[in-house]
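1. Compute the structure for the input listed below.
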Amino acid sequence: MRTTQPQFDHHGAEANADPVAYYREFRERCPVGRTSAHDGFVYTTRWADVARIARDDATFSSERAPAGDQGVSFVIPPGAGLVQLPIELDPPGSTPYRELINPLLSPEAVDRLRPMIAAHATRVVDEFVERGSVDFVADLTNPLPAAVTLDWLGFGTDEWARYAKPVHDIFAAVAGSERARRGGEALGALEVRIRELLAERRTEPTDDAVSTLVAATHPDGRPFTDDELVSVVFLLIAGGVDTTTSLTGSTLVWLSAHPQERQRLIDDPDLLTDATEEFLRAFAPSQSMARTVMADTEIGGCPVARGERVLIPWVAANHDPEVFDDPETIRLDRDARRHLSFGIGTHRCAGAHLARAMFGEMMRQVLTRLPDFVIDADRAVPYPTRGNQTGWDALPATFTPGPRLGAAPAAFVVTDLRVEVTSAEKAADDVMALTMAAADGSPLPEWAPGSHVELHLPSGRIRQYSLCGPPGSPTWMVAVLREEASRGGSKEVHDVVRAGLALTVRGPRNRFPLVDAPAYLLLAGGIGVTPLLAIARDLLARGQRPRMVYGGRTRSTMAFADELVALLGDDLRLVPQDTDGTPDLAALVAGTPPGTAIYCCGPSVMIDAATAACEAAGRAADLHVERFTAPSDQPVWDTSGDTAFDVVLARTGRTVTVPADRRLIDALRDEIPTLSYDCEQGYCGACETRVLDGIPEHRDTVLTDDDRANGTSMIVCVGRARSRSLTLDL
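-> Okay, here's the model as predicted:
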């Protein structure tokens with residue numbers, strides 16, 4: 001490791017002008033280095049190094065004392081302010097405070113807040129929607145998160161207006177400036193108000209977060225003190241307000257400059273789910289944090305000494321080409337879930353679910369009510385130099401005036417459903433058809449042809465499959481091809497899923513909707529027939545007869561072929577590859593008149609060929625395709641041999657049995673409402689738990705080879721046990 005030239009300074013003008021390019025330059029030249037800026041520190045630039053440091057609390061401390069107790073130590077340079085719990089403590093000291101707030105910010109708790117979030121969003125947008133102009137920061141991205149956060153905590157209905165600007169000032173102001181001084185004074189008043197609210201809720205509790213906090217008991221049997229709770233509430237306010245302001249502002253700037261991508265989100269609202277993670281990756285609102293080295297060690301092969309300070313920049317990790325292909329391009333449908341904008345490990349942001357919910361509601365309001373907005377780039381004002389934080393001070397925009405809603409729309413809630421597999425039957429060679437009904441007997445949500453659902457398999461894998469049963473049926477049907485070279489999901493369906501098994505399903509979603517057209521050509525390849533089967537049924541019900549060409553390896557591998565023959569008769573052409581070769585897609589496209597809607601679903605090579613044929617014929621606008629891809633970084637494991645095992649909870653002595661077909665995290669959540677978790681797919685590290693006895697089976701992408709060999713911790717959302725029993729530090 002050497003000191004690079006020019007000297008690294010994440011607060012410098014060059015870094016703030018383009019932090020992504022700045023970190024890229026250092027990553028390529030010297031990915032780990034020392035600088036004398038800000039009293040000296042070690043900087044990092046790679047995802048693997050940042051993730052490893054953030055997870056290793058024993059070697060890299062977040063506490064003030066090891067850094068010399070000069071102020072907030074998880075930033076460089078240290079900042080002024082009260083100790084922020086739990087982020088300024090290392091485990092186990094941080095654990096009581098983390099367990100205090102986890103239940104308030106779980107996915108289930110955040111879902112209960114969505115109507116309140118929608119009501120505030122509607123009110124805020126109603127205040128300016130008739131004007132035709134807005135400053136997004138002053139009128140939306142700052143007041144809305146403040147209103148939601150303070151309402152959730154239990155402040156008065158209008159108190160957000162008093163405190164939104166001071167919180168923003170603290171993050172946006174240059175240290176030592178008049179603005180920073182004013183913000184500090186206002187935050188002093190906020191502390192007084194927090195203490196008043198704590199006292200009020202101790203005597204008169206209500207249904208809000210502060211009432212829950214003051215009623216909680218510390219693990220040592222005492223109530224939490226007011227000083228502790230003031231610190232916790234301060235952190236919740238800071239985390240809930242300005243980071244969401246920053247993310248939304250940066251996203252709006254990008255969408256203003258890329259109207260075609262904005263139109264994609266308008267046309268396909270479900271795309272926002274994936275796009276949110278991509279925006280988080282690209283526009284990390286908290287750009288970096290810092291740690292203090294507690295023992296001599298190394299980072300990326302470079303030695304570092306006890307007492308040194310280390311910068312871990314989330315923004316650099318999020319743009320590491322070793323993890324994210326073409327990282328400087330924003331792709332709305334990218335699988336960006338391994339971004340580190342919420343951190344990783346025990347200090348991963350507990351408010352991640354609330355942040356996504358607030359961001360999503362703001363984006364939905366803007367995209368539906370201000371779809372033609374244009375930000376005045378010449379008048380937009382970014383934060384001043386802030387190497388730890390990014391954001392905007394002003395974002396003036398114009399748009400076509402829209403209507404007031406006057407009342408909150410129905411909250412957008414992506415619902416997780418529990419279903420029971422009612423049958424699992426062979427539909428063709430290596431194709432399994434699953435029929436599902438609601439586990440509680442209630443009606444399943446309606447769906448339209450082209451829709452898919454997201455199956456949460458027993459292993460924790462999440463896979464998307466098209467609905468192919470008759471629309472209007474009280475059950476859902478999907479069909480899954482067994483693919484030996486796949487990432488493991490299809491094999492798990494075939495080996496594990498049976499009638500009577502309960503699964504979680506999210507959806508339905510439709511990114512393959514049926515458009516109105518004078519005629520239709522359906523091109524199916526292999527298991528890609530599933531959405532086209534539903535589309536064919538729907539067209540026939542409307543009195544239209546589509547032409548369909550269906551290719552497969554052999555006739556026996558072509559699922560639902562007999563049903564399609566009965567439905568379409570001479571309008572169906574089956575093309576088994578072993579006897580008839582492959583369809584001539586160019587000829588098929590040429591044989592249809594312009595305006596014919598061409599729907600294609602199948603292997604990537606087929607979709608690419610159909611795309612090329614339509615483009616060559618000047619028919620690109622007529623083509624509609626759907627692709628499904630599994631996360632490329634998800635490990636493969638065979639779940640067919642999963643067996644039941646016991647988990648001993650060391651802190652209570654209770655034993656939990658985990659059945660063969662149930663996830664460990666689901667069994668734990670039944671017993672431990674304070675359990676920390678987020679992604680539930682083994683990549684964020686939020687649920688990493690110490691293993692005190694037994695042999696874990698690791699199925700995550702977080703732990704290193706050394707971690708797995710040591711066997712002293714595991715990621716409980718996807719892991720299981722190799723031994724008959726595990727004892728966990730829970």
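
2. Can you give me the neighbour number for residue 621?
-> Burial of residue 621, expressed as a neighbour count using other Cβ atoms under 10 Å, amounts to 11. For glycine as for every other residue, the C-beta is placed from the backbone atoms N, C-alpha and C.

3. Are we agreed that it is in a helix?
-> Yes - secondary structure of residue 621 (DSSP: H, G, I helix; E, B strand; the rest coil): part of a helix.

4. Could you pull up the contacting residues of it?
-> Residue 621 makes contact with no residue under the criterion Cβ atoms under 8 Å, 6 or more residues apart in numbering.

5. For it, give me the pLDDT.
-> Listed pLDDT for residue 621 reads 92.

6. Then residue 485?
-> What the model reports for residue 485 is a pLDDT of 61.

7. swap in residue 658?
-> 94.

8. Residue 359 too?
-> Residue 359 is assigned 95 on the pLDDT scale.

9. For it, grab phi and psi.
-> For residue 359, the backbone dihedrals (degrees, to the nearest 10) come out as phi -60, psi -50.

10. okay, now it: neighbour count?
-> 23.

11. Could you check how far it is from residue 243?
-> Separation of residue 359 from residue 243 (Cβ to Cβ, to the nearest Å): 10 Å.

12. now residue 459
-> Applying Cβ to Cβ, the value for residue 459 to residue 243 is 32 Å.

13. So for those two, which sits in the more crowded spot?
-> residue 243 (25 against 22).

14. so that one makes contact with residue 286?
-> Yes - counting by Cβ atoms under 8 Å, residue 243 touches residue 286, with 6.0 Å between them.

15. intersection of neighbour lists for these two?
-> With Cβ under 8 Å, 6+ apart, residue 243 and residue 286 have no common neighbours.

16. Which of the three states applies to the residue most central in space within the chain?
-> For the chain, residue 277 is the residue whose C-alpha lies nearest the centre (Cα atoms, centre = their mean; 4.8 Å). Recorded secondary structure, residue 277: helix (three-state DSSP).

17. ok, now which ones touch it?
-> Residue 277 neighbours (Cβ under 8 Å, 6+ apart): 334, 335, 336, 337, 339.

18. change it to 10 Å
-> Going by Cβ atoms under 10 Å, 6 or more residues apart in numbering, residue 277 touches 332, 334, 335, 336, 337, 338, 339, 341, 356.

19. ok, now which ones touch the residue of the chain positioned farthest from its centre?
-> The C-alpha centroid of the chain is most remote from residue 570, which lies 46.1 Å away (Cα atoms, centre = their mean). Listed by Cβ under 10 Å, 6+ apart, the contact set of residue 570 reads 545, 547.

20. Quick check: it vs residue 564, distance?
-> The gap separating residue 570 from residue 564 is 12 Å, by Cβ to Cβ.

21. Kindly report the same for residue 417.
-> Applying Cβ to Cβ, the value for residue 417 to residue 564 is 29 Å.

22. what stretches of the stretch 351-500 of the chain score poorly on pLDDT?
-> Along the stretch 351-500 of the chain, segments meeting pLDDT under 70 span 384-387, 407-415, 460, 485-488.

23. Spell out the residue ranges of the strands in it.
-> Along the stretch 351-500 of the chain, counting by DSSP state E, counting those that start in this stretch, strands occupy 374-375, 381-382, 392-394, 396-398, 416-428, 431-438, 451-456, 462-466, 476-481.

24. Now render those strands as TSV, adding distance to residue 21.
-> Formatted as TSV, the strands of the stretch 351-500 of the chain follow (distance: least, Cβ to Cβ, whole Å):
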stretch	distance to residue 21
strand 374-375	22
strand 381-382	15
strand 392-394	19
strand 396-398	26
strand 416-428	40
strand 431-438	48
strand 451-456	36
strand 462-466	34
strand 476-481	43
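
25. I'd like the ones you listed laid out as TSV, including distance to residue 677 and mean neighbour count.
-> TSV is the format used below for those (distance: least, Cβ to Cβ, whole Å; neighbours: other Cβ atoms under 10 Å):
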stretch	distance to residue 677	mean neighbour count
strand 374-375	37	18
strand 381-382	35	16
strand 392-394	32	19
strand 396-398	37	19
strand 416-428	14	17
strand 431-438	25	21
strand 451-456	14	22
strand 462-466	14	22
strand 476-481	27	23
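
26. What ranges in this protein fall below the confidence cut-off?
-> Scanning the chain for pLDDT under 70 picks out 1-6, 172-175, 384-387, 407-415, 460, 485-488, 628-638, 640.

27. Check which element follows the helix or strand that contains residue 232 along the chain.
-> Using DSSP states H and E, residue 232 falls within helix 226-257. Next helix or strand after helix 226-257 toward the C-terminus (DSSP H and E): helix 259-267.
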